[in-house]
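K.L.:
Coordinates only, no sequence provided:
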């Protein structure tokens with residue numbers, strides 16, 4: 001993995017990128033409804049460094065979430081993770 005991507009992932013908290021729908025916080029993770037399917041339960045587990053949906057299997061890092069949720073190419077993820085507008 002490239003150094004600049006590693007640095008971005010180290011500073012980008014995926015919990016701040018995922019819209020809150022029904023958030024519950026626990027000691028090591030947060031759960032919420034998954035935005036990638038019609039979720040009626042909190043099947044999305046969100047960690048500081050990534051996410052994992054127990055229902056649909058969506059998983060990955062902050063970069064993966066941004067690319068999938070906003071339907072963006074890889075090159076655009078930096079602006080979103082750094083808090084800039086699209």
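P.N.:
Everything's here; your move. On a predicted model such as this, the values are computed, not experimentally measured, just so you know.

K.L.:
need the helices for the chain, in chain order.
P.N.:
Read by DSSP state H, the chain holds these helices, from start to end of the chain: 3-11, 62-69, 77-81.

K.L.:
so how far is the second one off the chain centroid?
P.N.:
Meaning helix 62-69. Between the mean C-alpha point of helix 62-69 and the mean C-alpha point of its chain there is a distance of 6 Å (C-alpha atoms, centre = their mean, to the nearest Å).

K.L.:
List the buried residues of it.
P.N.:
Within helix 62-69, the residues that count as buried by 16 or more other C-beta atoms under 10 Å are 62-67. All C-beta spots, glycine's among them, are computed from the backbone N, C-alpha and C.

K.L.:
Let me know the distance separating the spatially closest residue to residue 31 that is not a sequence neighbour from residue 32.
P.N.:
In space, residue 31 comes closest to residue 42 once its chain neighbours are excluded; the distance is 3.9 Å by C-beta to C-beta, 6 or more residues apart in numbering. Applying C-beta to C-beta, to the nearest Å, one obtains 6 Å for the distance of residue 42 from residue 32.

K.L.:
which among the buried residues of helix 62-69 gets closest to residue 74?
P.N.:
For residue 74, the nearest member of the buried residues of helix 62-69 is residue 67. The distance, counting by C-beta to C-beta, is 6.3 Å.

K.L.:
Does that closest one touch residue 58 like I think?
P.N.:
No - between residue 67 and residue 58 no contact is recorded; they are 11.6 Å apart, counting by C-beta atoms under 8 Å.

K.L.:
If you rank every helix and strand of this structure by mean pLDDT, what lands last?
P.N.:
Among the secondary structure pieces of the chain, namely its helices and strands, helix 77-81 has the lowest mean (mean pLDDT, DSSP states H and E), a mean of 58.
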